[in-house]
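Trainee: What shape does this take:
(3 chains)
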Amino acid sequence: MKEAKAAELSFEADSPEATLLRRRLMSWYKEHARDLPWRGVDDPYRTWVSEVMLQQTRVVAVIDHYEQFLKKFPTLVALALAPESSVLAAWSGLGYYRRARMLHKAAKFILRERGGVLPMTSAELRTLPGVGDYTSAAIASIAFGESIAVVDGNVERVLLRVTGRDEEGTAAGKTFVQMQAAALVPKKKMTETSNAAGDHNQAMMELGATLCLPRTPLCLQCPLYSLCQTRGEHITPKRKSQRSLPAAYLLSLRKRGTLTEVLLERRANDASLMPGMYELPALPQDGVEGREPMLRLRHSITNTNYYVQVFAPRGPQDQALRRAIPAAKNDLFWIRTNRLQQQPLTGLTRKVLQRLDVMEVAPLRMPEDE
DNA sequence: AACCCGTGGTC
DNA sequence: TGACCAAGGGT
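Mentor: Presented below is the predicted three-dimensional model:
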């Protein structure tokens, strides 16, 4: 005897059901789309930057970096001509630093091989480093109006729920979602005033990001409620368990005339995590017993929650902390605090230095904008 | 295919 | 506190 199975739905291109979903989705999107800095920009370079930043990264974190990054690198050529360290510096705090390296590498390639003009098709975009299936489709549809479906984590969740499939994470589920997304994306060409495919793709993602949430979907507000087979049921795969670890760092400052310098350590180039980036020197846990930290904070890296303490020498003659750091290290540098914005700092180091007012927090807007 | 790469808000 | 996880890509 067969087990009872939930109803399933499958969309055919150009079917009445597909048309209905598109219409409901778009009319909802027109009213509820968030006003994000990269929405409505008419510059493929900016779309590219925003899409790379958004890979596995929360919108709020991207908002914090997007404007600063584009102020520093306003054009593809500006990015291509910049040193990699300054690109990493602008990326500091966003994580997945390989994205910044690949973005920079791709910009240099485009300047050298294509006269600085970004490719206009998903197929060509797909060949760039750091541009995969998702990002190539996103840029091609949003910036150039190509009728190609975007599939990200949001789209996958929305479509599995709407259709009632229970194949999360499987290869068959991936294929099914890709087919469904392709059947739903409008074929209409971009015009002067409208971009059907780009808007549809953004609307699918917007629905997943704001209503069709992983844990607690807001089904009663959903424009697809009457079409939806599950109305919220959704199984997610188990993830690796988290762990917690203590960590201690040294904050060492010195004066050079009117300037202040801070001691930083450069991570090894062959480190798997954040290679070549600068951070406060780490202190062994047993070297800080009984001392009072000047700052405590939590910092999460992948599957680890670090409970971080930052220590500073109590005076010029307090050598105990300095001695805790092996003297033989040749990767220690005194960095002027007014140059920290130009340094590729790890996210934790940037956060600590900003929190302790050693490093200025770059303003999001200029004062004259107020 | 499975694993690795960063981060921080939230509950 | 520990756990969850977000507009993925590369290997």
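
Trainee: For A:T75, give me its contacts.
Mentor: Residues in contact with A:T75 (Cβ atoms under 8 Å, 6 or more residues apart in numbering) are A:Y45. Bear in mind the C-beta positions are built from the backbone N, C-alpha and C, glycine included.

Trainee: What score does it have for pLDDT?
Mentor: The predicted structure scores A:T75 at 97 on the pLDDT scale.

Trainee: what do you get for the one 10 residues further on?
Mentor: At A:S85, the predicted lDDT confidence score is 96.

Trainee: As CSV, could you dump the C-alpha coordinates of the strand or helix carrying it?
Mentor: Assigned by DSSP states H and E, A:S85 belongs to helix A:84-91. What follows is helix A:84-91 as a C-alpha-only set of coordinates in CSV (Å, rounded to 0.1, in the frame of the first residue of the first chain):
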residue,chain,number,x,y,z
GLU,A,84,44.5,44.0,-4.2
SER,A,85,45.2,45.1,-0.6
SER,A,86,42.9,48.1,-1.0
VAL,A,87,40.1,46.0,-2.4
LEU,A,88,40.4,43.6,0.5
ALA,A,89,40.4,46.6,2.9
ALA,A,90,37.1,47.7,1.4
TRP,A,91,35.8,44.2,1.8
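
Trainee: list the buried ones in it?
Mentor: Using 16 or more other Cβ atoms under 10 Å as the test for burial, helix A:84-91 gives A:86-91.

Trainee: That helix and DNA strand C, are they touching?
Mentor: No. Judged by Cβ under 7 Å from any atom of the strand, helix A:84-91 and DNA strand C are separated, with a smallest distance of 13.4 Å.

Trainee: Tell me the residues of chain A that contact DNA strand B?
Mentor: Near DNA strand B, when you scan chain A using Cβ under 7 Å from any atom of the strand, you find A:56-58, A:60-61, A:92-98, A:171, A:272-274, A:299-302, A:346-348, A:351.

Trainee: For DNA strand C, tell me which of these show up nearby.
Mentor: With Cβ under 7 Å from any atom of the strand as the criterion, the members of these in contact with DNA strand C are A:56-58, A:96, A:300.

Trainee: From the residues you listed, keep the buried residues only.
Mentor: A:Y96.

Trainee: Just the strands from the stretch 251-370 of chain A, written as ranges.
Mentor: A:253-256, A:259-266, A:278-279, A:282-283, A:295-301, A:304-311, A:332-336 (DSSP state E, counting those that start in this stretch).

Trainee: give the contact list for the residue of chain A found nearest DNA strand B.
Mentor: Residue of chain A nearest DNA strand B, by Cβ to the nearest atom of the strand: A:G347 (2.0 Å). Going by Cβ under 8 Å, 6+ apart, A:G347 touches A:92-95, A:299.

Trainee: Those: which two are farthest apart?
Mentor: A:L94 and A:H299 (14.5 Å; Cβ to Cβ).

Trainee: So if I had to pick from those two, which one is more boxed in?
Mentor: The neighbour comparison of A:L94 against A:H299 (other Cβ atoms under 10 Å) goes to A:L94, with 21 against 16.

Trainee: hang on, that one packs against A:Y66?
Mentor: No. Taking contacts as Cβ atoms under 8 Å, A:L94 lies outside contact range of A:Y66: 9.7 Å.

Trainee: Tell me the residues that contact both of these two, please.
Mentor: A:M53.
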